[in-house]
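> Build me a model from this:
(2 chains, ligands or ions: 2)
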Amino acid sequence: MKRDVHFILNGKPVTFSVEPRTTLLRALREYGVTSVKRGCEEGECGTCTVVIDDLAQKSCMVLALEAEGKSVLTVEGLVGPKGELHPIQQAFVDEGAIQCGFCTPGMIMSAYAFLRKTPDPTEEEIRVALAGNLCRCTGYIPIFRAVHKAAAVMRELGHIPGRAR
Amino acid sequence: MKQTVTKNGIGAWTERKYDVEKAAGTLAFTDDLRFGPELLHARAVRSTVAHGEILSIDFSEALKVKGVVKVVTGKDFVHRFGLYLMDRTPMAIGKVRYMGEPVALVIAESEEAAEEGMLKVTAKYRELPPIFDPVKAATDNSVLVHPELETYDHVDFITPFPGTNIGNWFRIRRGDVDKAFSEAEYIVEEAVNCPQIAHGFLEPHCCICREDPATGDLTIWSTAQSAFALRDIVSKGLKYPLSKIRVIAPPIGGGFGGKAGMTVEALCLAGAMNPDVRGRPVKLYIPREEVLLTSWVRQAYVAKIKLGIDKDGKIIAIRNTFYFDTGISAEYGANPVRSAGYSSTGCYYIPNVWTDSYAVYTNKPFGGAYRGFGLPELMGAMEVVIDIAARKVGMDPIEFRLKNILKPGLPTCTGMPMNNHALDTIVGKVVDRIRLNEKEPATRKGWVRGKGFALALKAPAMPADAASSAIVKILGDGTVEVLAATMDMGQGAYTAYSQMVSEELGIPIEKIRCPYPDTQSHPYDWQTVASRSCWSMGMAVKRAASDARQKLLALYAEYWQVEPESITIEHGIVKCRKKGKAEPIDEHIQSGFPMPDGNYKGGPVIGTGSFVPPDVIYPDAETGQSPKSVVHFTVGAVGIDVEVDPATGAVEVNKVSAGYDVGKAISPVNVKGQIEGGTVQGISAGLMEGMYYDEHGKLLTPDFTDYKIATALDVPPDLDAFWEETPEELSPYGNRGVGEHSMISPAPAMDNALFDALGIRIHSYPLGRERVYKAIQAKKKGETDLWEYPYALEQSYKNAIKEWK
Ligand code: FES
Ligand code: FES
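Ligands and ions are numbered 1, 2, ... in the order given. Down below sits the predicted model:
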């Protein structure tokens, strides 16, 4: 039997009607938020990563009903009102950190949650923070560069991104 | 005078096409497409035995599940498919040949209902003895995977042997090998083996098919690397006209060969073309576990290499025997076998050659295309054996390699002259950068350090007539649309093509678009494989763009009454300095120019370009010789600096240096990306990847928990990716293929580094912690070699080698 779940999605209140067994991943995709990718649906790849109340989470491992009252941020929600990319997104583009792009939304959300807590990270901290997000194309190296660069840009802008739009 | 001026032409560092959409999450992959409530979902029922006759399939309970619409089985869809050899049916018919083979397809209103239905189908089998060991399968015909092999159609350049398990046998016969061995000062005979590995792309296969109930026209949306090859294979398999099949290939989330040719589309068609389903779109999404269980893999291999070397350290003879484990299908796997075969002297000139390269059927999932296509397998063995040989001869491994290197102009093993390259420069740089000749202490307490080196080479492996074509349209707003049916799966093809078009047309890259392939709008291209695209499709794109330029210049020349040669196109502005003209490209380019004579001329400016390699000749079936067996070889080298913890067998990579002669880097950001990404993929394969089965043929590694691929924590802290540019003669801009090469030799370089660190030779990949630990223990017992072949009772390397003589 379907039940309603209310939460904030990318800054806007939403209500989904879902089966209790439906994962947040499937519910978001069904709703049309398809940046949230299903790479395994077993919690192993990270392509479905979203930020729930400041924490990067694999949405295939979260039931949609668990989002009740929470704030869920996906990579679409990082794009500014005039279409401007968030500094993390821009750094991924600038540094060649994207190849096929399938891991990218999840990777960016993990980086986002991480940089909020760790605005000036070491390379080692970045590696650990991204260890749950697989990328088969890039060899991760440009991704590390991008996260470093995004951190520097955000420090310079003097803002730690956080406001879920 | 150069008539075009742009900032983003050949060799420029530019932003990549589609990266903004990818970063914003707005690019729609196949699974993201929406088809409305008409959409049905399919799920395969898979065999639970590795080899057996199907006695019965009972799906009556499945039909009772709410939402289940139809169940089809192999008998309902009797068609054989295959790129080179038609040995594959989308569902088992009468007999299953591997555990996981589809035996039925459940079609339902939702994915959940299809899954529930799938669980309710039961099949009964009469089990047959399976065969898993490729060496046994090749040499003992008591179990035949394909007794019907004789009846399968195949292309002329592969040689299956009915009555055996050999799906393809490729040979090289040159000179007198026996005589050369008898004259040799040193004989080195060694073997290397490696299990199957998985592509590990992050986007699982997904396909939607629909048949128009009125016309019978088929539309296929799929995660396909090669829209046209897919259309071709479906057309031949179904005996359906090409023109009635449309393939739309949305962006794909990584391919690495695993989405080349045809993968799951025929299975989806078995649902969509069923009379009870026809008209409704059917979606087949393959869950991760099934991707690993039942899609293409890189073939497992056992390679035996015997070298005869004279007293000066010159290799005078080689005898190769390669057994590729192609699983239950060689439809695609037959060709990497050939590719390894016609490159089987590696980067060396060897006058006397005897090579047998076999594709061997076993009761396992099927081997197909994988980044490197036969060459990681060949070089995984060759570069280890060369290292062993150098030590046996008493030469430095680099000096030994350079002494025997395949210099430009020398014949490769098929007899064609090697193209120009700067391999000696690359070797020098790699040796310097990892300080190969310096023994350095480990940086970690109690660990040991070693350095290793390996060469790489690869040619595009494709039919002689693999053609490409492109269309370049200049639109009325001065932007350009490039129709090139290459799949940009991350390698950056569309960025490279845009740079080519920008170079030829003087139009900035931001104004150039490359839509994803659709066989209905795009002109033909064979496949996105083989590191061929920037070269072959590059030729077509360059021709199409210069065709468009000629047309544009002719129109402006008449419009302005000047010579075409006096016109330039600079950053999208058409200029004639003599006449003081400078105008941005506008609607005239599509609607025609009002000429001084009062007539309109022109209309939409469209450039076209086609290309087929003009001079490739298939190697002779008996001798493997050909004046030009392939279009070109790209060469390179890898050096690795590693440390090992003798207490645990843990391996950490300190530094990698990898360089390739790419001819010309069209798009440096992408060349760098390919070298970095492929090197890490190669290290991942060499250190941790292998697919393992239990004694019944059940896959033990069906997920990313058990099938490990490199994570952010496994990346070396220092990866030096570089390239040289020795131009290729027949090439759009001197460029050669580079997409696959970086994957080829990290594994053997690692093996050589471990030998340097530990003093024991490991003959089996992957070089995981457990295996390295075993090697360390074996060394303590005085062993010199570690050999672990899953199917051999004989686990002593020396005895195993002896047995084979
Ligand atoms: S889809 Fe959620 S972790 Fe892979
Ligand atoms: S860019 Fe392809 S998986 Fe990361």
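> What parts of chain A come near ligand 2?
Applying Cβ under 6 Å from any ligand atom, we find that chain A lies next to ligand 2 at A:98, A:99, A:100, A:101, A:102, A:103, A:104, A:135, A:136, A:137, A:138. Bear in mind the C-beta positions are built from the backbone N, C-alpha and C, glycine included.
> from those residues, which ones fall inside helices?
residue A:104 (DSSP state H).
> Could you confirm residue B:209 falls within a strand?
Yes: per DSSP: H, G, I helix; E, B strand; the rest coil, residue B:209 lies within a strand segment.
> Of the residues of chain A next to ligand 2, grab the buried ones for PyMOL.
The buried subset of those, as determined by 16 or more other Cβ atoms under 10 Å in any protein chain shown, is captured in PyMOL by this line:
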select buried, chain A and resi 98+99+100+101+102+103+104+135+136+137+138
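> show me which of the residues of chain A next to ligand 2 neighbour chain B.
A:98, A:99, A:100, A:101, A:102, A:103, A:104, A:135, A:136, A:137, A:138 (Cβ under 8 Å from any Cβ of the partner chain).
> on that earlier part again, just put the residues of chain A next to ligand 2 in JSON lines and tack on pLDDT and distance to residue B:388.
JSON lines is the format used below for those (pLDDT from 0 to 100; distance: Cβ to Cβ, whole Å):
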{"residue": "A:98", "pLDDT": "98", "distance to residue B:388": "41"}
{"residue": "A:99", "pLDDT": "98", "distance to residue B:388": "36"}
{"residue": "A:100", "pLDDT": "98", "distance to residue B:388": "38"}
{"residue": "A:101", "pLDDT": "98", "distance to residue B:388": "42"}
{"residue": "A:102", "pLDDT": "98", "distance to residue B:388": "40"}
{"residue": "A:103", "pLDDT": "98", "distance to residue B:388": "39"}
{"residue": "A:104", "pLDDT": "98", "distance to residue B:388": "43"}
{"residue": "A:135", "pLDDT": "98", "distance to residue B:388": "35"}
{"residue": "A:136", "pLDDT": "98", "distance to residue B:388": "32"}
{"residue": "A:137", "pLDDT": "98", "distance to residue B:388": "34"}
{"residue": "A:138", "pLDDT": "98", "distance to residue B:388": "34"}
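> just curious, which of the residues of chain A next to ligand 2 is nearest to residue B:282?
Nearest to residue B:282 among the residues of chain A next to ligand 2, counting by Cβ to Cβ, is residue A:102 at 23.2 Å.
> dump the residue contacts of that closest one.
A:37, A:39, A:47, B:29, B:201, B:202, B:203, B:253, B:254 (Cβ atoms under 8 Å, 6 or more residues apart in numbering or on different chains).
> For the longest helix that chain A contains, list every residue counted as buried.
Longest helix in chain A by number of residues (criterion: DSSP H): helix A:141-157. Neighbour-count burial for helix A:141-157 flags A:141, A:142, A:143, A:144, A:145, A:146, A:147, A:148, A:149, A:150, A:151, A:154 (criterion: 16+ other Cβ under 10 Å).
> helices or strands next to it in the packing?
helix A:87-94, helix A:104-117, helix A:123-129, helix B:668-688 (3 or more Cβ pairs under 8 Å, 6 or more residues apart in numbering or on different chains; DSSP states H and E).
> In the stretch 1-150 of chain B, what residue lies closest to ligand 2?
residue B:22 (8.0 Å; Cβ to the nearest ligand atom).
> That residue reaches residue A:104, doesn't it?
Yes: at 5.1 Å, residue B:22 and residue A:104 qualify as touching, with contact defined as Cβ atoms under 8 Å.
> Overlap of the contact sets of these two?
Joint contacts of residue B:22 and residue A:104 (Cβ under 8 Å, 6+ apart) are residue A:98.
> quick one, which of the helices and strands packed on helix A:141-157 is nearest to residue B:458?
Closest among these, using Cβ to Cβ: helix B:668-688, at 11.2 Å.
> Relative to ligand 1, which of the helices and strands packed on helix A:141-157 is closest?
That would be helix A:104-117 among the helices and strands packed on helix A:141-157, by Cβ to the nearest ligand atom, at 7.7 Å.
> List the residues that contact the residue nearest the centre of chain A.
Nearest residue to the geometric centre of chain A (Cα atoms, centre = their mean): residue A:109, 2.3 Å. By Cβ under 8 Å, 6+ apart, the contact set of residue A:109 is A:49, A:50, A:51, A:56, A:73, A:74, A:75.
> can I assume the third one is in contact with residue A:57?
It stands for residue A:51. Yes: with contact defined as Cβ under 8 Å, residue A:51 reaches residue A:57; the gap is 7.3 Å.
> neighbour count winner among these two?
Per other Cβ atoms under 10 Å in any protein chain shown, whichever of residue A:51 and residue A:57 has more neighbours is residue A:51, with 24 against 21.
> hang on, the more buried one is in a strand, isn't it?
Yes: counting by three-state DSSP, residue A:51 is part of a strand.
> Now residue B:309: closest residue in space that isn't a chain neighbour?
residue B:186 (4.3 Å; Cβ to Cβ, 6 or more residues apart in numbering or on different chains).
> ditto for residue A:86
residue A:78 (3.9 Å).
> Could you give the number of residues near that neighbour?
26.
> is it true that it touches residue A:108?
Yes: between residue A:78 and residue A:108 there is a contact at 7.1 Å, judged by Cβ under 8 Å.
> which residues are common contacts for the two?
What both residue A:78 and residue A:108 touch, as defined by Cβ under 8 Å, 6+ apart, is the set A:86, A:88, A:89.
> out of those residues, which is most surrounded?
residue A:89 leads the shared contacts of residue A:78 and residue A:108 on contacts (other Cβ under 10 Å) with 29 neighbours.
> Please verify my assumption that that residue contacts residue A:107.
No: assessed by Cβ under 8 Å, residue A:89 is found out of contact with residue A:107, at 10.6 Å.
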